[in-house]
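Novice: Using only what follows, build the 3D model:
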Amino acid sequence: MKKLCILFIFFGILTACEDVVDVDLNTADPRLVVEASINILQDGTSNPSIRLTTTAPFFDEEIPIVADALVTITSDNGTIFPFTHTANGVYESEFVPQDDVNYTLTIIHQNETYTATEKLYRTTPLEYVEQRNDGGFTGEDVELKVFFTDPEGLGNYYFFEAFSERGDDLDIYDDDFFDGNSIFALYLAEDLAAGDELTFNLYGVNQQFYNFMYILLQQTGSGGGPFETQPATVRGNIINETDEANFPLGYFRISEISTLEYTVQ
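Specialist: Residues are numbered from 1 along each chain as shown. Below you'll find the predicted structure:
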């Protein structure tokens with residue numbers, strides 16, 4: 001009889017563990033998310049695109065896209081460059097930025113107008129990669145240093161990207177401590193091995209974008225995209241002219257980019 005009672009208690013516990021607990025999460029109205037990174041290659045060509053999405057509830061697997069916005073970039077001399085939606089929230093144009101010209105991004109979505117003004121920031125070429133096979137904490141990892149030389153006396157800021165199947169990396173630099181000198185960006189990933197292919201990008205940016213990315217990377221770490229879920233709201237340079245409280249997320253940036261491909265030896 002005692003064994004039978006124990007069995008009843010055991011099955012009762014299992015049944016109780018199957019109860020479903022509904023969690024009532026607070027929700028907020030969706031905000032516009034703007035990925036407006038206009039990059040010009042060092043040969044002068046450009047393939048500009050702007051991606052528009054909205055925020056979504058935490059457990060939603062799909063990111064809502066915005067396909068019906070009016071998107072333009074206008075130079076300070078009045079030239080208008082319209083952007084056309086192609087697919088997946090991406091808007092494209094024939095826009096090629098020029099030096100010393102201010103450009104204003106305008107997005108009209110759901111009867112609200114969003115704007116930001118930016119100009120082209122030049123970068124310096126990525127030069128070469130130095131590889132060590134005894135890097136990392138264990139002394140057994142492949143460590144890559146990507147070198148570039150900073151022009152003297154210009155007060156430059158840089159945004160660095162590294163892409164690999166082993167993991168991506170983002171970083172930012174200002175030239176306060178290496179003005180006019182050679183400097184390197186460091187890439188280190190677990191299990192990096194001979195034959196692995198990497199792409200390194202170096203962008204010229206301004207101090208405002210440097211500060212924006214500094215806060216963003218402090219919160220999210222450098223291993224993911226800059227517009228993934230954040231523990232706190234980080235505001236960029238885009239404002240809502242219609243309703244200031246309904247501010248968007250994201251940033252409008254115009255940068256020259258230097259790209260270097262490398263295969264691990």
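
Novice: who are the neighbours in contact with the residue lying closest to residue 197 once chain neighbours are set aside?
Specialist: Once its chain neighbours are removed from consideration, residue 197 has its nearest residue in residue 263; the separation is 5.3 Å (Cβ to Cβ, 6 or more residues apart in numbering). From N, CA and C alone the C-beta is placed, and that goes for glycine too. The neighbourhood of residue 263, defined by Cβ atoms under 8 Å, 6 or more residues apart in numbering, consists of 195, 196, 197, 198.

Novice: same thing with residue 174?
Specialist: Under the criterion of Cβ under 8 Å, 6+ apart, the contact partners of residue 174 comprise 155, 156, 157, 158, 207, 210.

Novice: Narrow the residues you listed to those that are buried.
Specialist: 156, 157, 158, 210 (16 or more other Cβ atoms under 10 Å).

Novice: Low-confidence ranges, this structure, go.
Specialist: Low-confidence segments of the chain, defined by pLDDT under 70: 1-27, 58, 221-232.

Novice: and the helix or strand residue 216 falls within, how far from the chain's centre?
Specialist: Secondary structure here is read from DSSP states H and E; on that basis residue 216 sits in helix 207-220. Its chain's average C-alpha position is 10 Å from that of helix 207-220, according to Cα atoms, centre = their mean, to the nearest Å.

Novice: Could you list every helix and strand that it packs against?
Specialist: With contacts taken as 3 or more Cβ pairs under 8 Å, 6 or more residues apart in numbering; DSSP states H and E, helix 207-220 sits against strand 157-163, strand 169-174, strand 249-263.

Novice: Adjacent strands (with direction) for the helix or strand that the second one is followed by?
Specialist: On the C-terminal side of strand 169-174, the closest following helix or strand by DSSP H and E is strand 182-188. Take DSSP bridges as the rule and strand 182-188 pairs in its sheet with strand 141-149 (antiparallel).

Novice: Show me what counts as buried in the partner strand.
Specialist: Within strand 141-149, the residues that qualify as buried are 141, 142, 143, 144, 145, 146, 148, counting by 16+ other Cβ under 10 Å.

Novice: The last one touches residue 258, doesn't it?
Specialist: Just to be clear, that refers to residue 148. Yes. Applying Cβ atoms under 8 Å as the test, residue 148 and residue 258 come out as touching, 7.4 Å apart.

Novice: Now list whatever residues contact both of those two.
Specialist: Taking Cβ under 8 Å, 6+ apart as the contact criterion, the common neighbours of residue 148 and residue 258 are 124, 125, 126, 202.

Novice: And the buried ones among those, selectable in PyMOL?
Specialist: The following PyMOL selection, which keeps only the buried ones among those, applies the criterion 16+ other Cβ under 10 Å:
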select buried, resi 124+126+202
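
Novice: Can you flag which of the shared contacts of residue 148 and residue 258 belong to strands?
Specialist: 126, 202 (DSSP state E).

Novice: mind listing what the helix or strand hosting residue 116 pairs with, with the direction of each?
Specialist: Following DSSP H and E, one finds residue 116 within strand 112-118. Each strand that pairs with strand 112-118, with its direction, by DSSP bridges: strand 103-109 (antiparallel), strand 239-240 (antiparallel).

Novice: Any chance of CSV for these, columns distance to residue 69?
Specialist: CSV is the format used below for the strands paired with strand 112-118 (distance: least, Cβ to Cβ, whole Å):
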stretch, distance to residue 69
strand 103-109, 4
strand 239-240, 13
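
Novice: Which one, of the ones you listed, ends up nearest to residue 80?
Specialist: With Cβ to Cβ as the measure, strand 103-109 is the member of those nearest residue 80 (9.1 Å).

Novice: How much space separates the nearest residue to residue 117 once chain neighbours are set aside from residue 233?
Specialist: Leaving aside its sequence neighbours, residue 117 sits nearest to residue 104 (Cβ to Cβ, 6+ apart; 4.7 Å). When Cβ to Cβ, to the nearest Å is applied, the distance between residue 104 and residue 233 equals 24 Å.
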